[in-house]
Structure formats: structure tokens, C-alpha cells
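K.L.:
just coords:
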């Protein structure tokens, strides 16, 4: 994780500073392969996801204090079961403006093999994790699998997303849900 401090002037330049260097499955900055950018919670923290986090490679969520650079490892995903259902968060987090960050995992939850994927939310106040939906593949209540793109807040108040696979022909889906 790095920050860039631009220097005013006719030429674009500035100072690039490393804030956190990931250490894999152990150490002070647990995690590996962050694949997306950070999101600000408006309360002084940046939040992010890592594709990998440990020997099981399930993925993780972390936050960084914007003022001090202090890194906090929040949790590791637990796959198809457990407290933090999901696996492999390819996407970043989406702020709903109501104190929650929302995300998806490409795997985990229900289904054969490594699972079909999940939708989750995190409280920016407490860090509490809630698994909101588990994708069901080609049939069932939440059709689709492998959400590889992030969630987008729509003008209708819903969060929108896509899946790479799932539905009748297995060509993917577009879904929406109310964050209320």
C-alpha cells in the first residue's frame, strides 16, 4: 500500500511513500496480492481486500488509518462455511453512505467445489461482518456464480453487480439488491 503526495507546479511530480508491505500468512501486515484499490470510509480509514491471506488462500479484509498509516488485519474469509463465508475477493469494497462497506467473493458460500460466491457487508463502526447472500449458480434464489466485478451503488438506492457465470446458459448475470 502506498501514498502519493503531489508537489504543485508545472511538472507532475511528488513523493511516493510505502505505507504497508504485505507479509503473507504471518507478520504485522498479513495478506497478499491486493487486487483492487482502497475505499475511504469518511472516518479516517481506508479499507481494502487481499486475494490471498494465508496458506489456504481464502482472502482477507484490512483497514489502514489514513493519518498514521497503522494497518489493521480484520478477518480472513472461511470458504463455504464458518463465520466469514466467502473465498477470493477479486473486487474492492463499495461504500453505501450508511456506515457499511459491501463486497463480493468469487468463490465460497453454496455450491460444488469451492462455491459459487458471496455478497457481504462490513460495518465501518464496529468491523462486524455479515454474509448477505450466497450465489446459487444456474438455479435457485440468487442466480449467478463467480462475481468478478465490484458492486455499484445505483440511482435507485440498490447495489448492482455482475457474475461471470451462472443462470440458464451459464453466461453470467446482472443482479441488484437493496442494502437496507
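P.N.:
Structure received. Quick caveat, the model's predicted, so the values are computed rather than measured.

K.L.:
now the strands for the chain?
P.N.:
With DSSP state E as the criterion, the chain has strands at 2-7, 13-18, 39-40, 45-50, 60-65, 71-76, 94-95, 100-105, 118-123, 129-134, 152-153, 159-163, 173-177.

K.L.:
In a markdown table: the ones you listed, plus distance to residue 27 and mean pLDDT.
P.N.:
C-beta coordinates here come from the backbone N, C-alpha and C atoms, glycine included. Compiled in a markdown table, the strands of the chain are given as follows (distance: least, C-beta to C-beta, whole Å; pLDDT from 0 to 100):
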| stretch | distance to residue 27 | mean pLDDT |
| --- | --- | --- |
| strand 2-7 | 18 | 70 |
| strand 13-18 | 15 | 76 |
| strand 39-40 | 24 | 94 |
| strand 45-50 | 13 | 92 |
| strand 60-65 | 13 | 91 |
| strand 71-76 | 10 | 87 |
| strand 94-95 | 28 | 92 |
| strand 100-105 | 23 | 93 |
| strand 118-123 | 23 | 92 |
| strand 129-134 | 22 | 88 |
| strand 152-153 | 34 | 90 |
| strand 159-163 | 33 | 91 |
| strand 173-177 | 36 | 86 |
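
K.L.:
if you compare those, which one is most tucked away?
P.N.:
When you average the neighbours per residue for each of the strands of the chain (mean count of other C-beta atoms under 10 Å), strand 100-105 leads with a mean of 26.

K.L.:
Count the neighbours of residue 29 for me.
P.N.:
By the other C-beta atoms under 10 Å criterion, the neighbourhood of residue 29 contains 19 residues.

K.L.:
how many neighbours does residue 164 have?
P.N.:
The tally of other residues near residue 164 (other C-beta under 10 Å) stands at 17.

K.L.:
got the contact list for it?
P.N.:
In this structure, residue 164 makes contact with 106, 145-148, 172, judged by C-beta atoms under 8 Å, 6 or more residues apart in numbering.

K.L.:
Report the lowest-confidence entry in those residues.
P.N.:
Across those, the smallest pLDDT goes to residue 145, namely 78.

K.L.:
rewinding a little: distance to residue 87 added to the strands of the chain, as JSON lines?
P.N.:
Converted to JSON lines, the strands of the chain look like this (distance: least, C-beta to C-beta, whole Å):
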{"stretch": "strand 2-7", "distance to residue 87": "27"}
{"stretch": "strand 13-18", "distance to residue 87": "28"}
{"stretch": "strand 39-40", "distance to residue 87": "21"}
{"stretch": "strand 45-50", "distance to residue 87": "12"}
{"stretch": "strand 60-65", "distance to residue 87": "11"}
{"stretch": "strand 71-76", "distance to residue 87": "10"}
{"stretch": "strand 94-95", "distance to residue 87": "19"}
{"stretch": "strand 100-105", "distance to residue 87": "6"}
{"stretch": "strand 118-123", "distance to residue 87": "8"}
{"stretch": "strand 129-134", "distance to residue 87": "11"}
{"stretch": "strand 152-153", "distance to residue 87": "22"}
{"stretch": "strand 159-163", "distance to residue 87": "15"}
{"stretch": "strand 173-177", "distance to residue 87": "19"}
